[in-house]
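[1] output the structure for:
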Amino acid sequence: MANSLAIRDGSARPDQHPHVEGALGALALGALGVVYGDIGTSPLYTLKTAYDWAGSTAPDVALGLLSLIIWTLVITTSVKYVALVMRADNHGEGGILALMARVGIRDSAGRIRPGVVWLGIVGAALLYGDGAITPAISVLSALEGLKLPMPALAPYVLPLAASVLLCLFLLQHKGTAVIGRLFGPIMLVWFVTIGVLGVIAVFQHPSVLMAVNPRYGIDYLTSHGFRGFTVLGAVFLSATGAEALYADMGHFGAPAIRIGWYGLVLPCLLLNYAGQTALVMQGKVSGDANPFFLLGATWVQLPMVVLATVATIIASQSIISGVFSMTRQAVQLGLSPRLHITQTSAEGYGQIYVSSINWLLMIFTLGLTLGFGSSDRLAAAFGIAVSMTMLLTTLLMYRMMREQWHWGIAVALAIAGALGLVDGSFVAANLTKVLDGGWVPLIAAAAVCTLMGTWGTGKVALLHQVERDTMPLGLFIAASAEIQRVPGTAVFLSRRLDVVPLAMLHSLKHYNVLHQRNVILHIETEQVPRVPNHERLYVTPLGERFYRIVLRYGFMEHPNVPAAFDNCALAGEGFDLMSTTFFFSHETVCAGEKKGALNPIIRRLFIWMHRNAYDATDFFRIPRNRIVELGARIEL
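    Prediction:
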């Protein structure tokens with residue numbers, strides 16, 4: 001039985017927040033290893049890509065590109081995400097699906113708001129493409145640094161990168177609970193190192209600091225025509241990890257992330273970009289050399305390759321874990337079929353593993369790595385997915401400003417409009433690279449959107465068919481007084497509260513008896529990350545020893561029915577699992593002979609997804625020896 005999409009509005013309880021434990025300094029250090037991996041490794045490829053696309057390293061070009069990067073980090077990351085979007089948390093959680101749930105996918109009448117739902121679906125789908133491209137471009141760009149100190153290894157960079165990525169995905173099932181504690185200190189070393197190297201170069205050419213003046217960026221855009229506009233796509237690479245700051249805020253809390261960003265990450269990034277620009281303006285970068293690896297002395301280059309590789313592995317791990325977390329949200333919000341989700345750590349709720357997603361990401365990432373062959377070629381495919389997600393986030397933020405924060409339309413339009421103009425410019429610039437590789441994340445996103453849309457449409461059609469074979473619950477209970485009873489408790493999962501579960505009708509048809517106690521169990525997913533234990537379970541007596549139990553979970557939680565029943569009592573009697581039987585309707589969905597409401601292709605795709613969904617009994621953690629499954633054939 002699929003979990004219900006009877007989702008309530010979570011915005012009514014703004015006082016609930018996740019329990020983030022630890023000193024602020026320790027949380028900020030931990031955030032360095034999880035939140036900033038993507039944006040923190042962007043200096044490896046951003047400026048090199050920008051110079052390649054600009055076709056010049058002239059001083060005016062160098063200052064113009066640096067100015068654009070500075071103000072991209074200030075406007076897009078510091079102002080939009082860190083200062084504004086992180087205020088739109090869903091009880092401490094972030095990410096585009098959490099924002100979608102906070103805005104509300106149902107209106108006041110309980111009807112689905114398709115516009116809000118599709119903004120969330122498309123944004124999430126685009127981030128799946130980002131989850132495959134980030135590891136590929138990050139690890140490749142780091143290992144390409146070997147070409148400077150050890151040019152003989154240049155032919156082995158690609159197979160070495162593929163090997164590193166293969167090992168990364170093969171080890172995902174073990175989790176990162178142990179080595180994850182090292183991520184923060186390693187990234188601290190990374191940021192301090194790139195900041196110091198940048199400072200040294202800036203001292204040698206301090207005039208580079210003039211790029212703080214936005215006029216240099218504006219002059220570059222206005223004087224270089226269409227080529228200057230397309231280079232915005234490369235400039236955007238400096239901010240590709242901004243969405244992670246919002247998506248991962250539930251792990252560490254907004255204050256820790258803001259301290260890390262303003263206190264360390266932003267200054268170190270700006271100094272490193274300025275240092276690379278200083279080298280270019282001094283004429284120390286020639287050919288297709290990466291200015292990042294030229295910042296230090298010759299003896300520093302090999303250690304920097306090693307440190308950069310470790311940093312990109314951490315960045316890749318962070319984005320993979322983020323995709324797992326987003327997948328769990330999609331399942332709980334009813335946007336995806338049930339998937340096998342494994343908790344890899346008893347301490348951290350974010351430590352999960354989704355095997356099917358892991359193998360798909362591995363195939364996609366290795367295919368991109370081997371297919372494109374270099375970070376330069378991958379750069380064209382990288383920015384389009386994230387820039388579109390940022391634009392969708394801005395659209396959802398406008399609804400947030402108007403509906404949740406109750407800002408005036410003039411203020412909301414001015415702020416969202418200005419941010420949307422910036423986001424739209426980056427999207428348009430990245431779209432110019434569609435034929436050069438930007439088609440990859442677009443196709444991936446289209447595939448994910450198709451699957452999510454098919455699942456939602458198919459579930460509605462399936463529910464319509466199921467309801468045709470049932471009856472109102474009140475009438476059934478009134479007529480149940482004459483039915484023979486047997487000892488024990490029967491629990492029937494139900495998608496709705498007002499009709500008889502299909503499994504109950506089938507059980508009565510086969511056995512002609514009812515149990516002494518009969519429970520109609522309905523599991524809801526709320527529009528909040530977690531539901532407090534004291535609000536988890538509600539019991540309603542229905543008469544004739546029938547009871548309705550509503551279990552509520554947040555979209556970041558994994559349902560556990562037996563654990564919820566531990567503290568539940570019906571008419572003063574608790575649950576003894578050894579005398580409780582759970583009845584499931586095992587629905588076999590097939591294509592009917594008559595033309596149904598669904599498109600034939602959508603219908604067959606939904607049937608395939610339904611057949612391959614993770615078993616409900618395992619998903620809800622119900623002991624298999626307490627389950628009776630009753631078959632039901634449903635034609636769509």
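
[2] need the outlier residue of this structure, farthest from its centre.
    Ranked by distance from the centre of the chain (Cα atoms, centre = their mean), the top residue is E482, with 52.2 Å.

[3] give me the pLDDT for it.
    At E482, the model reports a pLDDT of 84.

[4] distance of it relative to T489?
    Counting by Cβ to Cβ, to the nearest Å, the gap from E482 to T489 is 20 Å. C-beta: built from backbone N, CA, C; applies to glycine.

[5] ditto for T342
    30 Å.

[6] these two: who's more crowded?
    Comparing T342 with T489 by other Cβ atoms under 10 Å, the one with more neighbours is T489, at 21 against 14.

[7] got a list of what that one touches?
    515-519, 570, 575-576, 579-581 (Cβ atoms under 8 Å, 6 or more residues apart in numbering).

[8] one more time with 10 Å, if that's ok
    Contacts for T489 (Cβ atoms under 10 Å, 6 or more residues apart in numbering) come out as 515-519, 545, 547, 565, 570, 573, 575-577, 579-582.

[9] among these, name the buried ones.
    Buried members of those, counted by 16 or more other Cβ atoms under 10 Å: 515, 517-519, 545, 547, 565, 570, 575, 580, 582.

[10] which of those fall within strands?
    Counting by DSSP state E, the members of the buried ones among the contacts of T489 that fall within strands are 515, 517-519, 547, 570, 580, 582.

[11] sort the residues you listed by pLDDT and name the bottom one.
    Minimum pLDDT for those is recorded at L570 (83).

[12] so it is in contact with L521, correct?
    No. The pair L570 / L521 is not scored as a contact, 11.9 Å apart, by Cβ atoms under 10 Å.

[13] need the residues touching each of these two.
    547, 549.

[14] where in the stretch 101-250 of the chain is pLDDT low?
    Along the stretch 101-250 of the chain, segments meeting pLDDT under 70 span 109-110, 177-178.

[15] next one: the chain
    Residues of the chain meeting the criterion pLDDT under 70: 1-22, 109-110, 177-178, 345-350, 594-597.

[16] can you do 50?
    For the chain, applying pLDDT under 50 flags the ranges 1-19.

[17] which helix in it runs the most residues?
    helix 298-332 (DSSP state H).

[18] counting neighbours, what do you get for A428?
    By other Cβ under 10 Å, neighbour count at A428 equals 14.

[19] same deal with the one 4 residues further on?
    T432 is flanked by 19 other residues according to other Cβ under 10 Å.

[20] ok, it touching G228?
    No. With contact defined as Cβ under 10 Å, T432 does not reach G228; the gap is 11.7 Å.

[21] between those two, which contacts overlap?
    W53.

[22] contact partners for L188?
    So L188 contacts 28-29, 32-33, 260, 264 (Cβ under 10 Å, 6+ apart).

[23] now it: phi and psi?
    Note on L188: its backbone torsions stand at phi -60, psi -50 [degrees, to the nearest 10].

[24] gap between it and I314?
    From L188 to I314 the distance is 11 Å (Cβ to Cβ).

[25] which neighbours do those two share?
    32-33.

[26] in the strand or helix carrying T222, which residues are buried?
    Per DSSP states H and E: T222 is located in helix 214-223. Of all the residues in helix 214-223, those buried under the rule 16+ other Cβ under 10 Å are 216-217, 219-221.

[27] good, we can wrap up now.
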